[in-house]
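> Just the structure for this:
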Amino acid sequence: MNIGYDVYEIDYQVIFLLLKFAKQNKLKILHLRKKDDMYSFHIPTYQRYILKTFDQPCYYIKTIGFMKYILFLSKQYLNMLGVVCFLGTVITCSYFIFDIEIIGTMPAVNQQMITDLKKEQVNLFYPLKSYERLNTILADLKTLYKDKVEYISVYQVGSVFHVEYTKRKQDQIEKDDFRNLYAKKDGMIASFDVESGLIQVKKNDYVKKGDLLVSNTIVSTQNKTKIIPVKGHVYAYTFNQYTASIKNVKQDQAELFYQLLLAIRNQIPANAIIDKENVLQMTKTRSKITLKVHYTLLEDIAIKGEENEESH
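Have a look, this model is predicted:
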């Protein structure tokens, strides 16, 4: 929520320095327009202290929006206490967490998440989180609960912080499992964590979906064949492309970008680790904005074969 903007002008010769400064300091520049030899632009009033550190001359023109009315009252020394109380109420309601809702079916996990969220500075009456911070919290929770949670998502609606997850399906096989391990998707082998079985591939090998990774068959020095249990994990770099769309509304472009990025990261498997993240394309139509991102993920690609498979 923004209650006012400052309007400035700057010489056209230093506009690129201003844009570079804005990017480095997360200064929101809006309504940038050129007129004769000057550029005019708006910034949120609460960010004026950032602009003051810019080492080129900027010319203040005026303040617009609700902040203009508040400043007018301040200058007239009228009802200052009321203005301060009003501002405090607006800030409290718009920038702080008033409730935390965890949507899941495991009470023990729900309780532990409350504790872990406190470590992430998510608690009642704490500030709402930026989209960048939500991404970090999401990644941390995926790591902490990778063995218990299949899918997890974090988001904020108003002053409520939400965590939503689904329970991971537990492996019901307790006896020895002699099925081979195959690749469930394409990827480049990164590492192994195999307790039992004969590894059929090497690090940096590129494998395709369906390729044999770990076999249940070994041959002794006496040329005797033996079937052994297969247990373990094979980690590989996989290459994935995700897309997310959002309704095109009048909103800060940076906030829209991070909303889309968070929606895409929510699609990534809970046990996958992001190795590389490259934005491919961001398109805009009259009705929606779409973001397309390419990921290199580190994940376990091993999957058990069929019960009746033949030995290899």
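> next structured bit after the strand ranked longest in the chain?
Ranked by residue count, the top strand of the chain under DSSP state E comes out as strand 231-247. Next along the chain after strand 231-247, taking DSSP states H and E as the criterion, comes helix 253-265.
> got the angle for that next one vs strand 231-247?
Helix 253-265 and strand 231-247 are oriented at 140 degrees to each other (axes from the mean of the first three to the mean of the last three CA atoms, to 10 degrees).
> List the buried residues in helix 253-265.
256-265 (16 or more other CB atoms under 10 Å). Every residue, glycine included, has its C-beta placed from N, CA and C.
> now swap in stretch 263-277 and tell me
263-266, 268, 270-273.
> now the strands: where do they sit in the stretch 101-250 of the chain?
With strands called from DSSP state E, counting those that start in this stretch, the stretch 101-250 of the chain shows them at 149-157, 160-167, 181-183, 187-196, 198-199, 206-207, 212-215, 217-219, 225-227, 231-247.
> Select, out of the ones you listed, the one closest to residue 116.
The closest of those to residue 116 is strand 160-167. By CB to CB, the value is 9.7 Å.
> now the closest one and strand 149-157, what's the angle there?
Strand 160-167 and strand 149-157 are oriented at 170 degrees to each other (the same axes, to 10 degrees).
> Which elements pack onto strand 160-167?
strand 99-103, helix 107-119, strand 149-157 (3 or more CB pairs under 8 Å, 6 or more residues apart in numbering; DSSP states H and E).
> can you redo these as a markdown table with mean pLDDT, distance to residue 14 and mean neighbour count?
Formatted as a markdown table, those follow (pLDDT from 0 to 100; distance: least, CB to CB, whole Å; neighbours: other CB atoms under 10 Å):
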| stretch | mean pLDDT | distance to residue 14 | mean neighbour count |
| --- | --- | --- | --- |
| strand 99-103 | 92 | 46 | 13 |
| helix 107-119 | 92 | 44 | 14 |
| strand 149-157 | 89 | 37 | 17 |
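> Tabulate the strands of the stretch 101-250 of the chain (a markdown table), appending distance to residue 120.
Conversion of the strands of the stretch 101-250 of the chain to a markdown table gives the following (distance: least, CB to CB, whole Å):
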| stretch | distance to residue 120 |
| --- | --- |
| strand 149-157 | 10 |
| strand 160-167 | 10 |
| strand 181-183 | 35 |
| strand 187-196 | 28 |
| strand 198-199 | 38 |
| strand 206-207 | 37 |
| strand 212-215 | 36 |
| strand 217-219 | 47 |
| strand 225-227 | 48 |
| strand 231-247 | 23 |
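> Just name the most buried of those strands.
Greatest average neighbour count among the strands of the stretch 101-250 of the chain goes to strand 181-183 (a mean of 23), per mean count of other CB atoms under 10 Å.
> Please enumerate residues in contact with it?
197, 207-214, 230, 232, 234, 236, 301-305 (CB atoms under 8 Å, 6 or more residues apart in numbering).
> how about a cut-off of 7 Å?
By CB atoms under 7 Å, 6 or more residues apart in numbering, the surrounding residues in contact with strand 181-183 are 197, 207-214, 230, 234, 301-305.
> and what of stretch 299-308?
Contacts of stretch 299-308 (CB under 7 Å, 6+ apart): 177, 179-185, 187, 213-214, 233-236, 238, 269, 271-272.
> one more time with 6 Å, if that's ok
Residues outside stretch 299-308 that contact it (CB atoms under 6 Å, 6 or more residues apart in numbering) are 179-185, 187, 213, 233-236, 238, 272.
> and which of those residues is nearest residue 57?
residue 272 (49.2 Å).
> Check the gap between that closest one and residue 145 for me.
Going from residue 272 to residue 145 by CB to CB, to the nearest Å gives 13 Å.
> before we move on, the earlier item: indicate which one of the strands of the stretch 101-250 of the chain is closest to residue 117.
It is, among the strands of the stretch 101-250 of the chain and with distance given as CB to CB, strand 160-167, at 7.3 Å.
> avg pLDDT for the longest strand of the chain?
The pLDDT scores in strand 231-247 average 94.
> Which strands border that strand, and is each parallel or antiparallel?
Strand pairing for strand 231-247, using DSSP bridges, gives strand 187-196 (antiparallel), strand 288-300 (antiparallel).
> Run through who's touching that strand.
Contacts for strand 231-247 (CB under 6 Å, 6+ apart): 185, 187-196, 213, 259-260, 263-264, 267, 288-302.
> what is residue 181 paired to in the beta sheet?
With DSSP bridges as the criterion, residue 181 is bridged to residue 214, residue 304.
> For it, report the pLDDT, please.
96.
> returning to what we had before: Throw the buried residues of helix 253-265 into TSV and include pLDDT and distance to residue 245, thanks.
Shown next, in TSV, are the buried residues of helix 253-265 (pLDDT from 0 to 100; distance: CB to CB, whole Å):
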residue	pLDDT	distance to residue 245
256	85	11
257	88	13
258	87	15
259	88	11
260	91	8
261	90	13
262	90	13
263	91	8
264	92	10
265	91	15
